[in-house]
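Student: Got a sequence here, can you build the structure:
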Amino acid sequence: MYSIGNEGQLSWIREFFGVARQKQTYLNLAYLLMAFPFGTFYFILLITGLSVGVGTLIIGFGIPILLFTMIMRGGFAAFERTIVRAWLGITIPFLPGSHLPGMTWFGRLKEHLSNPVTWTSLLYLFLEFPFGIIAFTLVLTLLGASLGLVFGWLAYLIDTMIYNAVGGGYSSYELFVKINGQIQPWAIAVFGILALLGILATIAALHVLNGIAHAWGQFARLMLGMSNTARQLAEARAIAAQERAKAERSDQSRRELIVNVSHELRTPIASIRGHVESLIMANENQPGDASAPADQRAYLDIVHRETERLSALVDDLLALARADAGELRLDIAPIAAGEVVEEIYQTLAPLARRERQVTVVRSIPPDLPLVLADRQRLAQVLLNLVRNAITYTPAGGIVSLSVEQADSTHLALMVADTGIGIPPEDLERVFERFYRTDASRARATGGFGLGLTIVRDLVNAMGGSISAESSVGQGSRFRLLLQVVPAANQSKPSKPGEGSN
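Tutor: A predicted model of the protein is given here:
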């Protein structure tokens, strides 16, 4: 028991006197001494900036001054976090705000002002001024008094030497001992006792000052840092922003890959198609036995059809990639929608009758107003819709194109059929990419699930809208709405090739 108690006493003594050997002690003293000039500097600049900013709000200079003052506050707070971590050894949890892409400066300012750390750090910087005064005073008072006791004997000896050097003739005291040119043994003994007490007082003062520095560091951690919840939220936002940027880069790379690959594929596909067509023409002109050429013609027809499918897929992918990348250029101008409908009718009606035994009809009232659209893209939209209608309409069915005035500001173009229809659960998803209501049927008819997506993107790019309605076994109808040209411009229809890019 004695040894254990003795060891505990020795440990306490080592811990008590060990504060004088710790590097952290002197870093704490440096911070307490520098808190006064730092706090004074912060206080003067911030109070001046806020006062001048508020005072000049009426004449218009206040807002820039206040913004500059808040920027200074952010810099001062960051500097304080650095020196608190470096000198006091206290880490302050803080993460810079992660702004959403595309956020305006006003949105960032609003987010910054709504952050509690903005205002707690401002309060901290103001409070450092009085704290700096108190800390500076305490350091000088406590260490000055205790060190005065430690070195009192040295001052006594120096004053005695000066007294003898000048020949006396004056009266002075070192603490309570009169200087008379003689070294008094009792005075030396008393100064020795005072030196021991001064050492104890100095060590105690260092403990007190360490406690003050640690307490202020914890206060700085509270005022300049973030709560666990806020820090976790900021970390989550930062991770989300990084993942969002990564996803955007990946998406951009995907679009660039599709564009580049599509461009590269178009040339060999066109070459294959041209050679297949040449072989078909040569096969048709061959005389003699028709059995072998008939087989060759069947194979060539298959190759030609699949080449056409591949070419259509490449064109669709290229159109989608350009739309995603914002490179889809439109020539928006006043056009006569009825003329485009008539062109599509004249193009597809004979093919539908010959290849699918489907009748295509159209209804175009006279004196329709002009609409704002890209003539070439509108023709592409109608071609996609009518081809889809023909594909999914059985032999003997009807596909109709019609135009009507929807309201005073919109013209409606409709493509309807008497085909197989679309199930209700699939109707809302027909405009999604690569979505097909029946994959096996789509493969048989040559579809890739991209045509309606391109139609939707083109219509939206022209400022219009498209909707679909259908009944299984009865047919489907797609309704396209385009904006009508104002009455003042109705006399200026756009011709093919006209307009501005």
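Student: And the helices in the stretch 251-400 of the chain, which stretches?
Tutor: 291-324, 337-351, 375-391 (DSSP state H, counting those that start in this stretch).
Student: same check, this time on the chain
Tutor: 2-18, 23-55, 62-83, 105-113, 116-150, 152-165, 185-224, 228-284, 291-324, 337-351, 375-391, 424-427, 439-445, 451-461 (DSSP state H).
Student: do you know which of those lies nearest V485?
Tutor: For those, distance to V485 was read as CB to CB. The smallest value, 10.5 Å, belongs to helix 337-351. For glycine as for every other residue, the C-beta is placed from the backbone atoms N, C-alpha and C.
Student: give me the low-pLDDT residue ranges for the stretch 301-450 of the chain?
Tutor: Scanning the stretch 301-450 of the chain for pLDDT under 70 picks out the ranges 304-305, 308-309, 311-328, 433-450.
Student: D417: which of the helices of the chain is closest?
Tutor: Of those, nearest to D417 by CB to CB is helix 375-391, at 3.8 Å.
Student: what is the orientation angle of the closest one with helix 451-461?
Tutor: Counting by axes from the mean of the first three to the mean of the last three CA atoms, to 10 degrees, helix 375-391 lies at 150 degrees to helix 451-461.
Student: By average pLDDT, which secondary structure element in the protein comes out worst?
Tutor: Lowest on mean pLDDT, DSSP states H and E among the helices and strands of the chain sits helix 439-445, with a mean of 43.
Student: Tell me which of the helices of the chain sits most buried.
Tutor: Mean neighbours per residue, mean count of other CB atoms under 10 Å, is largest over the helices of the chain for helix 375-391, with a mean of 22.
Student: Which neighbouring elements make contact with it?
Tutor: strand 333-335, helix 337-351, strand 398-407, strand 410-417, helix 451-461, strand 475-483 (3 or more CB pairs under 8 Å, 6 or more residues apart in numbering; DSSP states H and E).
Student: Send over it as PDB, restricted to the C-alpha atoms.
Tutor: Only the C-alpha atoms of helix 375-391 are listed here, as PDB (Å, rounded to 0.1, in the frame of the first residue of the first chain):
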ATOM      1  CA  ARG A 375     -40.000  21.800 -91.800                       C
ATOM      2  CA  GLN A 376     -37.400  19.000 -92.200                       C
ATOM      3  CA  ARG A 377     -37.800  17.800 -88.600                       C
ATOM      4  CA  LEU A 378     -41.600  18.000 -88.700                       C
ATOM      5  CA  ALA A 379     -41.400  15.700 -91.800                       C
ATOM      6  CA  GLN A 380     -39.100  13.400 -89.900                       C
ATOM      7  CA  VAL A 381     -41.600  13.300 -87.000                       C
ATOM      8  CA  LEU A 382     -44.600  12.500 -89.200                       C
ATOM      9  CA  LEU A 383     -42.600   9.900 -91.100                       C
ATOM     10  CA  ASN A 384     -41.800   8.100 -87.900                       C
ATOM     11  CA  LEU A 385     -45.400   8.200 -86.700                       C
ATOM     12  CA  VAL A 386     -46.900   7.100 -90.000                       C
ATOM     13  CA  ARG A 387     -44.400   4.300 -90.500                       C
ATOM     14  CA  ASN A 388     -45.100   3.000 -87.000                       C
ATOM     15  CA  ALA A 389     -48.800   3.100 -87.700                       C
ATOM     16  CA  ILE A 390     -48.400   1.200 -90.900                       C
ATOM     17  CA  THR A 391     -46.100  -1.400 -89.300                       C
END
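Student: Go ahead and name everything in contact with it.
Tutor: 330-331, 333, 335, 337, 340-341, 343-344, 347-348, 352, 356, 358, 360, 399, 401, 413, 415-417, 419, 445-447, 451-452, 454-455, 458-459, 461-462, 476, 478, 480, 482, 494, 496, 499 (CB atoms under 8 Å, 6 or more residues apart in numbering).
Student: show me the contacts for the closest residue to I420 other than its chain neighbours.
Tutor: Nearest residue to I420, sequence neighbours excluded (CB to CB, 6 or more residues apart in numbering): Y392, at 5.4 Å. Residues near Y392 by CB under 8 Å, 6+ apart: D417, G419, I420, T445, S476.
Student: average pLDDT for stretch 197-207?
Tutor: Stretch 197-207 carries an average pLDDT of 94.
Student: From the chain's centroid, how far away is that stretch?
Tutor: 55 Å (CA atoms, centre = their mean, to the nearest Å).
Student: Wait, V177 touches I183, no?
Tutor: No - with contacts counted by CB atoms under 8 Å, V177 stays clear of I183, the gap being 10.3 Å.
Student: Roughly how far does the residue lying closest to T56 once chain neighbours are set aside sit from T69?
Tutor: Setting aside the residues directly before and after it, T56 is nearest to G62 in space (CB to CB, 6+ apart), at 4.3 Å. G62 sits 10 Å away from T69, taking CB to CB, to the nearest Å as the criterion.
Student: Give the residues shared as contacts by those two.
Tutor: Joint contacts of G62 and T69 (CB under 8 Å, 6+ apart) are G53.
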